[in-house]
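Asker: just a sequence and a predicted model for now, questions to come.
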Amino acid sequence: MKPRIKLKNHRVATRVYKVNAGETQRLIGGSMNFPMTADHIVERHWMPLIAKSREVCANDGYAKEFLKMCRNNVVGAKGIELRANIKDTNGQSDGFANTALEQAFKAFSNKKHCDIQGRLSLRAIQNACITSAARDGEFFIRLITGTDLNPWGIALQVLDPVRCPIHYNEEKLPNGNYVKQGIEFNQLGRPVAYHFTHVGTDNIDYNLGGHSFVRIPAVEIIHGFLPDLLEQKRGLPWTATALMRLKMLSGMEDATLLTQELLPAKEVFYSGEPIMALCSMKTMALMNKS
């Protein structure tokens, strides 16, 4: 008979890995505890962020200077230019072809050829794109072709991002595609078309409830934005992180200026001993400086 072996109870130690920021604490009680998808974040915050960003960029000097810096440092004084580098069959630079291409590109950059409305040069269009990207989070350019436009048969049209409705969604179209945030995708998630409420300049307002959208193929649209999240389909304003601080700073400056404006109109009357009145005046001066 085999001897019985008595085992002692051993307590197994469990190692707990904890990230402090993931705990619910009083100091971070206002933070989110559940992640949201990029589509949910954009659809929820896109419209108010655009409105606030446009208001701040129109009235705040710091925001206007930021847009100016984007234009000066991204587009530059001369804009994005073409530097041709064509080589012949011998591997040498073809000066004649390069010069011809650069001269043609310079001629096309003129506002009477580049812009469909004949108002913006190519450099002005580039400035409009970088301004829209910083203020609105994205930009849209439509490529319009036609033999009667100019000698090159192509012109550009800058479109307002708000005219591509962020809340226009269709789960499934008759052709099998779906629409998300105004953009039509195929089953693999590739953009095939963009839907706009209006692409002209004769209406003063945005029509979002009429569903009379203009469908433009994706090959005719240049949609530029910097994605912050994976699967993001529309851009958010670059100014989004500074909007609250700029608004609060503007209010603080207004309150300070108002205080300084009303300060000379204040009158203080003292009664009693002269020495007490002198001490009170010094105390009031120190309080005003603080």
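Answerer: Arrived safely. Numbers count the residues shown, from 1 in each chain.
Asker: drop to CA atoms for contacts and neighbour counts, all remaining ones
Answerer: Fine.
Asker: how about residues contacting stretch 223-242?
Answerer: By C-alpha atoms under 8 Å, 6 or more residues apart in numbering, the surrounding residues in contact with stretch 223-242 are 38-39, 42, 46, 49-50, 53, 63, 133-141, 181.
Asker: could you tell me the end-to-end distance of it?
Answerer: 24 Å (C-alpha to C-alpha, to the nearest Å).
Asker: in strands only, show me the contacts of stretch 223-242.
Answerer: Of the positions in these, 139, 140, 141 sit in strands, assigned by DSSP state E.
Asker: who wins for neighbours among these?
Answerer: residue 139 (24 neighbours; other C-alpha atoms under 10 Å).
Asker: could you give the bridge partners of that one?
Answerer: residue 224 (DSSP bridges).
Asker: residues in contact with it?
Answerer: Residue 139 neighbours (C-alpha under 8 Å, 6+ apart): 129, 130, 132, 133, 158, 159, 160, 161, 222, 223, 224, 225.
Asker: which stretches of the stretch 151-290 of the chain have low pLDDT?
Answerer: Scanning the stretch 151-290 of the chain for pLDDT under 70 picks out the ranges 199-211, 265-290.
Asker: residue ranges of the strands in it, please?
Answerer: 154-159, 178-180, 183-185, 191-196, 214-217, 221-224 (DSSP state E, counting those that start in this stretch).
Asker: so which of those is the most surrounded?
Answerer: Here the criterion is mean neighbour count by mean count of other C-alpha atoms under 10 Å, and of the strands of the stretch 151-290 of the chain the winner is strand 183-185, at a mean of 23.
Asker: against which helices or strands is that one packed?
Answerer: Secondary-structure packing of strand 183-185 (3 or more C-alpha pairs under 8 Å, 6 or more residues apart in numbering; DSSP states H and E): strand 178-180, strand 191-196.
Asker: which residues sit against that strand?
Answerer: Contacts for strand 183-185 (C-alpha under 8 Å, 6+ apart): 164, 177, 178, 179, 191, 192, 193, 194, 195.
Asker: for stretch 191-198, same thing?
Answerer: 163-165, 182-186, 206-208, 211-219, 221.
Asker: one step back: out of the contacts of stretch 223-242, list just those in helices.
Answerer: 38, 39, 42, 46, 49, 50, 53, 63, 133, 134, 135, 136 (DSSP state H).
Asker: switch those over to JSON lines; also include distance to residue 123 and neighbour count.
Answerer: Formatted as JSON lines, the ones in helices among the contacts of stretch 223-242 follow (distance: C-alpha to C-alpha, whole Å; neighbours: other C-alpha atoms under 10 Å):
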{"residue": "38", "distance to residue 123": "33", "neighbour count": "17"}
{"residue": "39", "distance to residue 123": "33", "neighbour count": "17"}
{"residue": "42", "distance to residue 123": "30", "neighbour count": "20"}
{"residue": "46", "distance to residue 123": "28", "neighbour count": "21"}
{"residue": "49", "distance to residue 123": "27", "neighbour count": "20"}
{"residue": "50", "distance to residue 123": "24", "neighbour count": "20"}
{"residue": "53", "distance to residue 123": "24", "neighbour count": "22"}
{"residue": "63", "distance to residue 123": "22", "neighbour count": "22"}
{"residue": "133", "distance to residue 123": "15", "neighbour count": "24"}
{"residue": "134", "distance to residue 123": "17", "neighbour count": "25"}
{"residue": "135", "distance to residue 123": "18", "neighbour count": "28"}
{"residue": "136", "distance to residue 123": "19", "neighbour count": "28"}
